[in-house]
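Asker: sharing a model prediction with you, sequence too.
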Amino acid sequence: AAMEVDTSLSSYDSTTETGRPPWVQFHWGDLHTFKAIISSLELTFTYFGADGTPLRAKASVSLKQFEPEGAFGPQNPTSGTPLPERTHQVQAGETLDRIAASYYGDPTRWRRIADANGISDPLAVPPGTLITIPKARD
């Protein structure tokens, strides 16, 4: 129903039978929203209950901006971050020097990662730990 032309909207023209669907509001985080119309929607049901009720689905949604450009703030939660950083989830067997080598191409830069994450013992970082990978500085 959110993709069908809404005849109750003031933009609907009954002589040409043209109009638009209702707008929807997309939220990403607490403050980032914009108005849009749904231009396409594809649903694929992937899991069903014993009675045939769909329990899980994958949705592919395309939205078309409804508000004029500049009427909303940055959409990406990291937009405007002065020094964006990466994160890395430590895997079993990984060490800070190997992680530094993969991100910086230099294993001796492990201290930069340790300092950014308050790690005092680089050999005692348990698997599954989420660490920040600071931007490389020369």
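Answerer: Sure, I can see it. Note that the structure is a prediction, hence the values are computed from the model and not measured.
Asker: now do the SS call for the residue lying farthest from the centre of the chain.
Answerer: Relative to the centre of the chain, and counting by Cα atoms, centre = their mean, the farthest-placed residue is residue 15 at 42.1 Å. Recorded secondary structure, residue 15: coil (DSSP: H, G, I helix; E, B strand; the rest coil).
Asker: for the helix or strand bottoming out on mean pLDDT in the chain, list every residue counted as buried.
Answerer: When each helix and strand of the chain is scored by mean pLDDT, DSSP states H and E, strand 24-28 comes last, with a mean of 75. Across strand 24-28, burial judged by 16 or more other Cβ atoms under 10 Å covers residue 26. C-beta coordinates here come from the backbone N, C-alpha and C atoms, glycine included.
Asker: who does it touch, helix- and strand-wise?
Answerer: Strand 24-28 sits against strand 32-48, with contacts defined as 3 or more Cβ pairs under 8 Å, 6 or more residues apart in numbering; DSSP states H and E.
Asker: where does this structure have low pLDDT?
Answerer: The chain contains residues with pLDDT under 70 at 28-33, 67-84, 138.
Asker: show me where it has helices.
Answerer: Residue ranges of the helices in the chain, as given by DSSP state H, are 96-104, 110-117.
Asker: now those helices as TSV including distance to residue 131 and mean neighbour count?
Answerer: Below are these laid out as TSV (distance: least, Cβ to Cβ, whole Å; neighbours: other Cβ atoms under 10 Å):
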stretch	distance to residue 131	mean neighbour count
helix 96-104	8	17
helix 110-117	5	16
